[in-house]
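Engineer: Okay, sequence plus prediction incoming.
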Amino acid sequence: MAETAISLRGLSKHFGTVRAVDDLDLDIADGEFFSMLGPSGSGKTTVLRLIAGFEEPTGGTITLGDEDVTDRPAFARDVNTVFQDYAIFPHMSVLENVEYGLRVKKVGRAERRKRAEEALETVRLGEYGARRPHQLSGGQRQRVALARALVNRPKVLLLDEPLGALDLKLRREMQIELKAIQREVGITFVFVTHDQEEALTMSDRIAVFNEGRIEQLAAPVELYERPASAFVAGFVGTSNLIAGEAARQVVGQEGAFVIRPEKVRLEAAAPAPSSEVCVAPGVVREVVYLGALTSTVVALDAGPTVTVTHPNTDTTIDAALERRDQRVVLTWRREHLVSLGSPDPATSPEEETA
Amino acid sequence: MGLLLTPPMLWLGVAYLGALGALLVTSLWSQNDFTGEIERIWTLDNFRSLLTVDVYRTITFRTLMVAAVVTVVDAVLAFPIALYMAKVASRRAQRLLVIAVLMPLWASYLVKAYAWRGMFSADGPIAWIAQPFGLDTPGYGLFATTVTLAYLWLPYMILPVFAGIERVPDSLFEASADLGAGSWQTLRRVVIPMAFPAIVAGSIFTFSLTMGDYIAVKIVGGTTQMLGNVVYDNQGAANNLPFAAAVATIPIVVMLGYLAAARRTGALENL
C-alpha cells in the first residue's frame, strides 16, 4: 500500500454519555478514494469532523501525512471539506468563493485568479465565475463547493454526504464525475455517505460504521461478497439471513449464514441432491416488479423468508406472477453462502435493508 | 380577509398617513406675526427660512451628526454582543442575554435619561471616576446627549444584528476556517459582510429615533438644541405650528433618503 495520508489512533469522541466515535484505529492511504458508510448516528460524520478539526477528540491522535494535527485548529490543517449543505458564501460570486482559500492565504491576485479558473474548469463550471450562488442549481453549487476545496490542493479532501441533496439521476452522474476528478487530481478523498450503492460505486475501500466503531473495512467486492457481520450484510445490499434451526435444516450446519438474493435460483422441482447445492422448499408470498429485476419473496418451510431476484430478460412478468402462492424450491451454491460465525441477535438487523 | 384588514388599513390610511399629510399641508401655511393666528395661505416661507437662516442649518447638521455618531457607536457596541449571543453563548445564556437586552426597554425613558443626568452631574459617578486622573465630568452637552441616546437605542441595534448573525449557518464559519481563515479573517470576510444588512436595519432605528428625539437633549444636553427641540419650542412657546411642521419635515425627508439607501443593501428584509 502507498504512503499513509491519514492515520487515526485510538480516536474517541464522546458527547456526554454518547460514544459517537469509540476508540477508532484507521489508516487511509495516499491517493485513495475512501468511503465511510453507515446509518445516521453511526459516527462517520463525526470522524470526518474530527479530521477536519471542527470537533476536538475526547482521546486519541490524528496524523496527517507525518504530522500530528490532533491539537491544531481547522484553519491550520492541510485538508479541505465539501459540506453537506455546500456552505457556499452567499455574498460572494462563484469565482470569489473559489478564490477564498487562496485569498486568506495571501496568494497573489493573478495566480489566485488563474488557479480559481482552472478549478472551475475542472468541475466544468468555467463560464460561471461571475454568477451569484443563488443563481445556481443544487448540482452546480455542489461543483462550486468542490472547486473551492480543490483549488487549495489539499493533502486530503473530506466530503460530507455531498450528493445527498441531489436527485437520483444527477447523483449517479456526479458519482462517476467525482471518481474521475479524484483520479485526475490524485488527492485522497474521504467520502462520508449512508448510501451503500454510492459507496460501492466510487470507493477503493469502504469502512462500514456502526455505533462509533468500524464494523468492516474492505474493498467494495469483498464487502459485498464477504460481509463480516449480520450488520454489514444487512446494510450493504439486500441479504437473506439464515440462522439457528433453519441453518441446521437448510445448510446442514450450526451458525448464521447470509445469501444474496441474486445468487438464489427459483425452481419448480427439487434438483438431484448434491453436496455443492443447498435446497430449500417454500411458498411464494410476493412478486415485486422492479424494472430491471423482479424480486420474489419466498417463505421457506424451514422458517425464514428469503428474497430472490432475477433479471427481467422477458418483456412480461406473467410467469413470475403465476408463481404467487405456489410451492417452489430455492437452490443456491454452497460456496455463495457467507458464514457469519455464531449468530448474535443483538446486531442482526430487524429487516434487511437495501 | 378584506373585512379583517379594513380597520387596520383605515387606521394606517387615515390616522397615520393622514396626520402626516396634514403636517405637510400645515408646513405650507404661515402664521400671522401679530395675532399668532394661522393663515391658510400657501407659502414656501417656512422652508425658505429653514434653508437660509444659519441657526437652523447648524441645528440640522448637528442633529445629523449626533444621529450618525449614535448609530456608529451602537453598531460597534452591538456587533460583538450580538455575535456572542448568536454564535457563542449556550441556549440558556442566549435566552438570558435576550432578556437582559430587552430589559432596559421596560423601564421608562425618562428614568433612564435622568439616570444619565445623574451620571454626568458635577458630583456624579463619572466625575468621581475621572477625578483621580485630574479630569472632570464632561457635563451636560452634546457629548452627554450622544452617550445617552446611544445607550437608549442600543437594544434596537442589538436585536436585528443578533437575528441577522443567527441566520448565518454555522457551516459558513466552518467552511471559512476549513479554507484556512483565522477568526479575524472569518469575521472580516464572512460575518461582517453577511451581518451588514442587519446592521443597516438596526441603524434605521438608531438614526431615526435620534433625529426625532428632544427629551434626552433637554435633560442632558444643557443648552444644546436639536431639531426636535426646534419643533417643540415652535409649537409650544412660539405657537408657530406651520414652522414647526416645516422643521419636522426635515427628519422625514432625511429618513426617506436613508431608507432608499438602506433598501439597496437588502436591510429592509432584516427588519
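Structural biologist: Right, received. Where do you want to start?

Engineer: Around chain A, which positions in chain B sit nearby?
Structural biologist: Selection of chain B residues close to chain A by Cβ under 8 Å from any Cβ of the partner chain yields B:169, B:171-172, B:174-182, B:185, B:189-190, B:193-194. In this view, the C-beta of every residue, glycine as well, is placed from N, C-alpha and C.

Engineer: from those residues, which would you call buried?
Structural biologist: Buried subset of the residues of chain B next to chain A (neighbour count, 16 or more other Cβ atoms under 10 Å in any protein chain shown): B:171-172, B:174-181, B:185, B:189-190, B:194.

Engineer: can you tell me how far A:Ser93 sits from chain B?
Structural biologist: Computed with Cβ to the nearest Cβ, to the nearest Å, the distance linking A:Ser93 and chain B is 13 Å.

Engineer: Strands of chain B, residue ranges please.
Structural biologist: Using DSSP state E, the strands of chain B run over B:30-31, B:38-39.

Engineer: deepest of the ones you listed, which one?
Structural biologist: Burial of those is given as mean neighbour count (mean count of other Cβ atoms under 10 Å in any protein chain shown); strand B:30-31 ranks first at a mean of 20.

Engineer: Report all helices and strands that that strand contacts.
Structural biologist: For strand B:30-31, the elements it packs on are strand B:38-39, helix B:241-264, judged by 3 or more Cβ pairs under 8 Å, 6 or more residues apart in numbering or on different chains; DSSP states H and E.

Engineer: and these, which one's lowest on average pLDDT?
Structural biologist: Among these, strand B:38-39 has the lowest mean pLDDT, at a mean of 78.

Engineer: now for that one, which elements pack on it?
Structural biologist: With 3+ Cβ pairs under 8 Å, 6+ apart as the test, strand B:38-39 has strand B:30-31 packed against it.

Engineer: Apply 10 Å and report the result again.
Structural biologist: strand B:30-31, helix B:241-264 (3 or more Cβ pairs under 10 Å, 6 or more residues apart in numbering or on different chains; DSSP states H and E).

Engineer: Which strands border it, and is each parallel or antiparallel?
Structural biologist: strand B:30-31 (antiparallel) (DSSP bridges).

Engineer: Centre of the chain to the partner strand, how far?
Structural biologist: 30 Å (Cα atoms, centre = their mean, to the nearest Å).

Engineer: which residues touch it?
Structural biologist: Strand B:30-31 is contacted by residues B:37-46, B:234, B:238-244, B:246 when judged by Cβ atoms under 10 Å, 6 or more residues apart in numbering or on different chains.

Engineer: Ok, stretch A:137-144 next?
Structural biologist: Residues outside stretch A:137-144 that contact it (Cβ under 10 Å, 6+ apart): A:82-83, A:85-89, A:94-95, A:97-98, A:119-120, A:122-125, A:128-129, A:131, A:133-136, A:159, A:162-167, A:169-171, A:173-174, A:177-178, A:181.

Engineer: Can you say which of those are buried?
Structural biologist: Buried members of those, scored by 16+ other Cβ under 10 Å, are A:82-83, A:85-89, A:94-95, A:97-98, A:119-120, A:122-123, A:125, A:128-129, A:133, A:136, A:159, A:162-163, A:166, A:171, A:174, A:178, A:181.

Engineer: follow-up on the earlier one: closest one of the buried ones among the residues of chain B next to chain A to A:Phe34?
Structural biologist: Set against A:Phe34, the nearest of these by Cβ to Cβ is B:Asp178 (18.5 Å).

Engineer: Tell me if I'm right that the closest one and A:Phe54 touch.
Structural biologist: Yes: counting by Cβ atoms under 10 Å, B:Asp178 sits close enough to A:Phe54 to count as a contact (7.8 Å).

Engineer: which neighbours do these two share?
Structural biologist: By Cβ under 10 Å, 6+ apart, the residues touching both B:Asp178 and A:Phe54 are A:Ala74, A:Thr81, A:Leu158, B:Ser171.

Engineer: would CSV of those residues with distance to A:Gly41 and secondary structure be doable?
Structural biologist: Listed next are the shared contacts of B:Asp178 and A:Phe54 as CSV, based on distance: Cβ to Cβ, whole Å; DSSP: H, G, I helix; E, B strand; the rest coil:
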residue, distance to A:Gly41, secondary structure
A:Ala74, 23, helix
A:Thr81, 20, strand
A:Leu158, 19, strand
B:Ser171, 19, helix
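
Engineer: By neighbour count, which of these wins?
Structural biologist: A:Thr81 (30 neighbours; other Cβ atoms under 10 Å in any protein chain shown).

Engineer: State the distance from it to chain B.
Structural biologist: According to Cβ to the nearest Cβ, A:Thr81 stands 5 Å off from chain B.

Engineer: contacting residues for that residue?
Structural biologist: For A:Thr81, counting by Cβ under 10 Å, 6+ apart, the contacting residues are A:48-49, A:51-54, A:74, A:87, A:145, A:148-149, A:154, A:156-160, A:162, A:190, B:171, B:174-175, B:177-179.

Engineer: Quickly list what it is bridged to.
Structural biologist: Using DSSP bridges, the beta-bridge partners of A:Thr81 come out as A:Leu158.

Engineer: Helices of chain B, residue ranges please.
Structural biologist: With DSSP state H as the criterion, chain B has helices at B:2-10, B:18-27, B:45-52, B:54-83, B:91-106, B:109-120, B:125-130, B:142-166, B:170-178, B:183-186, B:192-212, B:215-220, B:227-235, B:241-264.

Engineer: Excluding chain neighbours, give the residue nearest to the residue of the stretch 101-250 of chain A found nearest chain B in space.
Structural biologist: Residue nearest to chain B within the stretch 101-250 of chain A: A:Gly101 (3.7 Å; Cβ to the nearest Cβ). Nearest residue to A:Gly101, sequence neighbours excluded (Cβ to Cβ, 6 or more residues apart in numbering or on different chains): B:Leu179, at 3.7 Å.

Engineer: pLDDT score assigned to the one you found?
Structural biologist: Note on B:Leu179: pLDDT of 94.

Engineer: Verify the contact between it and A:Arg77 for me.
Structural biologist: No: applying Cβ under 10 Å as the test, B:Leu179 and A:Arg77 come out as separate, 11.0 Å apart.

Engineer: Between those two, which contacts overlap?
Structural biologist: By Cβ under 10 Å, 6+ apart, B:Leu179 and A:Arg77 have these common neighbours: A:Pro154.

Engineer: Please tell me I have it right and A:Ile317 contacts A:Ala292.
Structural biologist: No: with contacts counted by Cβ under 10 Å, A:Ile317 stays clear of A:Ala292, the gap being 11.8 Å.

Engineer: neighbour-wise, which of these two wins?
Structural biologist: Between A:Ile317 and A:Ala292, A:Ile317 has the larger neighbour count (other Cβ under 10 Å), namely 16 against 8.

Engineer: Any figure for the gap between that one and B:Gln185?
Structural biologist: For A:Ile317, the distance to B:Gln185 equals 61 Å [Cβ to Cβ, to the nearest Å].

Engineer: how about the residues of the stretch 101-250 of chain A near chain B?
Structural biologist: Within reach of chain B by Cβ under 10 Å from any Cβ of the partner chain, the stretch 101-250 of chain A has these residues: A:101-106, A:145, A:148-149, A:151-152, A:154, A:158, A:160.
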